[in-house]
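J.: Give me a 3D structure for the following:
(chains A and B)
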Amino acid sequence: MTPGPNSGGQVKRPSLDRLLATKSIAIFCGPGGVGKTSVAAASAAVAAARLGGKVLVVTVDPAKRLADALGLSALGNLERPVPAERLKAAGLEVRDAAPSGGHPPTPGLWAAMLDTKQSWDDLVLRHARDEETAYRILENRLYHNITARFVQSHDYIAMERLHEIHAEGGYDLIVVDTPPTRNALDFLEAPERMADFFGSRLLRWLTMPYRVGGKRGARMVNLASKPFYQVADRILGGQFLEDIGEFFLNFQTMYEGFVTRARSVEALLHDRRTTFVVVSTLEAAPLREAEFFISELSARKLHLGAVVLNKTLPDYFLGEAGDAAARALVADPGPAVEAAAGAVPGLDPATAARVLATIGESFLNFEVAAKREAELRGELGRLPAPVLRVPAFEEDIHDLRGLARLGECLFA
Amino acid sequence: MALLAAQQGRQVLLVSADGRGDIAAFFEKRPVGFRPEVVFPGLSAMAMDTEASLQEYLRLNLRIPLPGRVGPLAKMFDFVANAAPGVKEILTVGKICWEVREAIEGRAKWDLVVVDAAATGHIVAQLGAPQAIEELVTVGPVKTQTGWMGDLLADPAVTALNVVTTPEEMPVHETIELVGKVRQTLPVPLGAVVVNRVLPELFTHADEVAFEALRQPAAVAALGGVVGPGIGDVLTAADLAVTLRRTRAQHLTRLRGAVELPLLYLPELFIRAQGMRVTRMVADSLGEELGL
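T.: Here you go, the predicted model:
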């Protein structure tokens, strides 16, 4: 048994109930290694059970974490329902009643994993002028490398896919677990950067030799005198430049569609139905990153819905009673051993003394850590959103039951 | 690791690959930039800056005079970096390899370059950048450039990729996945797995039996009479500590069996301090693990 972090308090515990009942997109973000995926999945699972409706959790994490957490072996780009029996077995019975509104909801929890390569391919097929152009892009070596190997392309495609799913209108709530970015802002900036990029004069400049030459494979002799091409040619080699040129020439035919798209993805992030939940632990480095992220959300006028502090130590470590008992045991376990010997027949005094001193010491150790956490929490200051705490569970969250348990801490 | 090596008398360069200058805070110093700065005797630190790395590359390799002639370099950089997303990776790896080669050829003083590299999800792309670029670019100076980088990264006498993890389920899972992926796709040699924040073992088996007995209501009441009502919290806390340790031990067993690499263990630190004091403690533990 782990007592809740706020056990005994009369003050109403902050929760995600209201937030997730009123928003249709909740983007969970924060530094890596804080249990973001578990928190997102737990929020989605409990939202589906408590609030009803059709809830999707989509993870864009290449490490396939959510697949593990949800016990699904193959999460693809396709959204799949998490079987109701499994949810029920974990104590997450989905409410039958429709929440409200006219459309017939298919209640339940759905899950999807972002397949970056597949999503890019779909995007190209959708926006290319014709099939031939589409296939020329899909077969370009540069395209293959960009989409398959380089991680930054996750950021944009994650937001793009979110837009896609949202536009289809199949869900009451979409919970997004964001990719662990080097810079948490990368994915916020991705749509904007994408639009800027395709609209940039530089792109036109670089692809000019190809557009002047008309067909692909055209040489850039006529531009050899321009320093930019000279430099680019010397650094990258002519063949590579030709690949880039061809790629972007073809890609540019998708310009209109792409930019419009990127703009609406950006608008979606600003939509009043979209909210951001920042997840962190109470450790110095992650918390600093989380704070930075919170300030950036505010600077961009994006909605901060809640802050979830995960894996926090229970409050009893800060209590005076525990501290006094632990200190007494560490100072001299003798009297305690004597007292216990009367209650426990056959107790070996030496073993008992060692055990009692050890648990006293262990308590004081964790107390130091708990105080450190409390201090950091104090430094967090006043936030315009509820701050929730999730206790450190003695077991890892690896199944639906674990998600249900975690989720209980997030809902009233 | 960098501090330990410096304490052993080596000349060390510590690189923060994600460009975090605050890596210097571990040595109680102000944030560092692209230019290495001494943060401890024998130890210099720098934060990666891909644009500065490009400028340096152009200046050193192509003898291209700075900005002026090529127009707004920053803009061009932004463009190229966005156009071919491998560019940032190659400039990061390239700068690091450059420092290593300079040291090997006697032009830089480093005995060891320690890199705080990208996170699990990014590291394969980052270290694989020379390979990827090499496949794309068939001729030209970039081809030659990526060639020697790949050679350095693949040389077990030069490079070791060390994975740092904690004994929790997800980090262990990711470590196993990463090690497998590196073995499959990168020619980069693996060094060790460092397991951070290992909880102390509280009890022997006999202790555990006694602990269970002491948790019986009659015993708790008797103990409470002596040390006060807080005994309940102390016992609950001990149970949490024991269970946490036990769960983590299972993950460690799984890790040991799966990675086939040396494992180094660093203890969970129950202290309030940050900065240099913590860095020293971790370096000490690391030294003990390595038998130094």
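J.: Now do the helices in the stretch 51-200 of chain A.
T.: A:65-69, A:84-89, A:116-127, A:131-139, A:141-149, A:152-168, A:186-199 (DSSP state H, counting those that start in this stretch).
J.: What mean pLDDT does the last one get?
T.: Looking back up the chat, that one is helix A:186-199. Across helix A:186-199, pLDDT averages out at 70.
J.: how distant is the helix or strand harbouring B:L152 from the center of its chain?
T.: B:L152 belongs to helix B:141-154 when assigned by DSSP states H and E. Chain-centre distance of helix B:141-154: 23 Å, with CA atoms, centre = their mean, to the nearest Å.
J.: what's it packed up against?
T.: Here helix B:141-154 touches helix A:227-236, helix B:86-104, helix B:129-136, going by 3 or more CB pairs under 8 Å, 6 or more residues apart in numbering or on different chains; DSSP states H and E. To be clear about C-beta, it is placed using only N, CA and C from the backbone, and glycine gets the same treatment.
J.: Just confirm yes or no for the very next helix or strand once past that helix near chain A.
T.: As assigned by DSSP H and E, the chain's next helix or strand after helix B:141-154 is strand B:161-165. No. With CB under 8 Å from any CB of the partner chain as the criterion, chain A is not reached by strand B:161-165; the gap is at least 9.7 Å.
J.: about what we covered before: most tightly packed of the helices of the stretch 51-200 of chain A?
T.: With neighbours taken as mean count of other CB atoms under 10 Å in any protein chain shown, these reach their highest mean count in helix A:65-69, at a mean of 23.
J.: re the thing from before, just the angle between the helix holding B:L152 and helix B:129-136, please?
T.: Helix B:141-154 and helix B:129-136 are oriented at 140 degrees to each other (axes from the mean of the first three to the mean of the last three CA atoms, to 10 degrees).
J.: tell me which residues in helix B:141-154 are buried?
T.: Buried residues in helix B:141-154, counted by 16 or more other CB atoms under 10 Å in any protein chain shown: B:V142, B:K143, B:Q145, B:T146, B:M149, B:G150, B:L152, B:L153.
J.: dump the residue contacts of the spatially closest residue to the fourth one that is not a sequence neighbour.
T.: Okay, so that is B:T146. Ranked by CB to CB, 6 or more residues apart in numbering or on different chains and with sequence neighbours excluded, the top spatial neighbour of B:T146 is B:P130, at 4.1 Å. B:P130 is in contact with B:I90, B:V93, B:G94, B:T146, B:G147, B:M149, B:G150, B:L153, counting by CB atoms under 8 Å, 6 or more residues apart in numbering or on different chains.
J.: Grab the nearest non-local neighbour of the second one.
T.: It stands for B:V93. Looking at B:V93 with CB to CB, 6+ apart, the closest residue is B:A129, at 5.4 Å.
J.: For that neighbour, list the residues it contacts.
T.: B:G86, B:E89, B:I90, B:T92, B:V93.
J.: ok, now A:T312?
T.: A:T312 neighbours (CB under 8 Å, 6+ apart): A:P5, A:T281, A:L282, A:E373, A:R389, A:V390, A:P391, A:A392.
J.: hmm, 6 Å instead?
T.: A:T312 is in contact with A:L282, A:E373, A:R389, A:P391, counting by CB atoms under 6 Å, 6 or more residues apart in numbering or on different chains.
J.: The first one and A:E375 touch, don't they?
T.: If I follow you right, that is A:L282. No. Between A:L282 and A:E375 there is no contact under CB atoms under 6 Å: 8.9 Å.
J.: For the two, indicate the residue with more neighbours.
T.: Regarding A:L282 and A:E375, a neighbour count based on other CB atoms under 10 Å in any protein chain shown identifies A:L282 as having more, with 24 against 12.
J.: if we can go back for a sec, wait, which of the helices of the stretch 51-200 of chain A is closest to B:R248?
T.: B:R248 lies closest to helix A:65-69 among the helices of the stretch 51-200 of chain A, at 17.4 Å (CB to CB).
J.: In chain A, where's the longest helix?
T.: Criterion DSSP state H: the longest helix present in chain A is helix A:349-379.
J.: for that one, which positions count as buried?
T.: Result for helix A:349-379 [16+ other CB under 10 Å]: buried residues A:351-367, A:369-370, A:372-374, A:376.
J.: What ranges does the stretch 1-150 of chain B have for its helices?
T.: Under DSSP H, counting those that start in this stretch, the stretch 1-150 of chain B gives helices at B:2-7, B:50-61, B:73-83, B:86-104, B:120-127, B:129-136, B:141-154.
J.: can you put those helices in JSON lines and add distance to A:S38 and mean pLDDT?
T.: Below are those laid out as JSON lines (distance: least, CB to CB, whole Å; pLDDT from 0 to 100):
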{"stretch": "helix B:2-7", "distance to A:S38": "32", "mean pLDDT": "98"}
{"stretch": "helix B:50-61", "distance to A:S38": "33", "mean pLDDT": "79"}
{"stretch": "helix B:73-83", "distance to A:S38": "33", "mean pLDDT": "58"}
{"stretch": "helix B:86-104", "distance to A:S38": "29", "mean pLDDT": "88"}
{"stretch": "helix B:120-127", "distance to A:S38": "16", "mean pLDDT": "80"}
{"stretch": "helix B:129-136", "distance to A:S38": "31", "mean pLDDT": "76"}
{"stretch": "helix B:141-154", "distance to A:S38": "34", "mean pLDDT": "83"}
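J.: now those helices in a markdown table, with distance to A:H166?
T.: Output for the helices of the stretch 1-150 of chain B, formatted as a markdown table (distance: least, CB to CB, whole Å):
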| stretch | distance to A:H166 |
| --- | --- |
| helix B:2-7 | 46 |
| helix B:50-61 | 33 |
| helix B:73-83 | 26 |
| helix B:86-104 | 30 |
| helix B:120-127 | 24 |
| helix B:129-136 | 33 |
| helix B:141-154 | 41 |
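J.: residues in contact with stretch B:177-195?
T.: B:120, B:124, B:127-128, B:153-154, B:156, B:160-165, B:167, B:259, B:261-265.
J.: Let me see the contact set for A:V34.
T.: Residues in contact with A:V34 (CB under 6 Å, 6+ apart) are A:V279, A:S280, A:T281, A:P286, A:N310.
J.: Quick one: residues contacting the nearest residue to it once chain neighbours are set aside.
T.: Using CB to CB, 6+ apart and skipping residues adjacent in sequence, the residue nearest A:V34 is A:T281, 4.6 Å away. For A:T281, the contacting residues are A:V34, A:N310, A:K311, by CB under 6 Å, 6+ apart.
J.: is A:T281 in a bridge, and if so with what?
T.: A:T281 has the following beta-bridge partners by DSSP bridges: A:N310.
J.: how near is it to B:L202?
T.: 23 Å (CB to CB, to the nearest Å).
J.: quick one, strands of the stretch 151-292 of chain B?
T.: B:161-165, B:190-198, B:263-267 (DSSP state E, counting those that start in this stretch).
J.: Can I get the ones you listed in CSV including mean neighbour count and mean pLDDT?
T.: Output for these, formatted as CSV (neighbours: other CB atoms under 10 Å in any protein chain shown; pLDDT from 0 to 100):
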stretch, mean neighbour count, mean pLDDT
strand B:161-165, 20, 96
strand B:190-198, 19, 96
strand B:263-267, 17, 96
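J.: Can you say which of those is nearest to B:S285?
T.: The nearest among the strands of the stretch 151-292 of chain B, by CB to CB, is strand B:263-267 at 4.9 Å.
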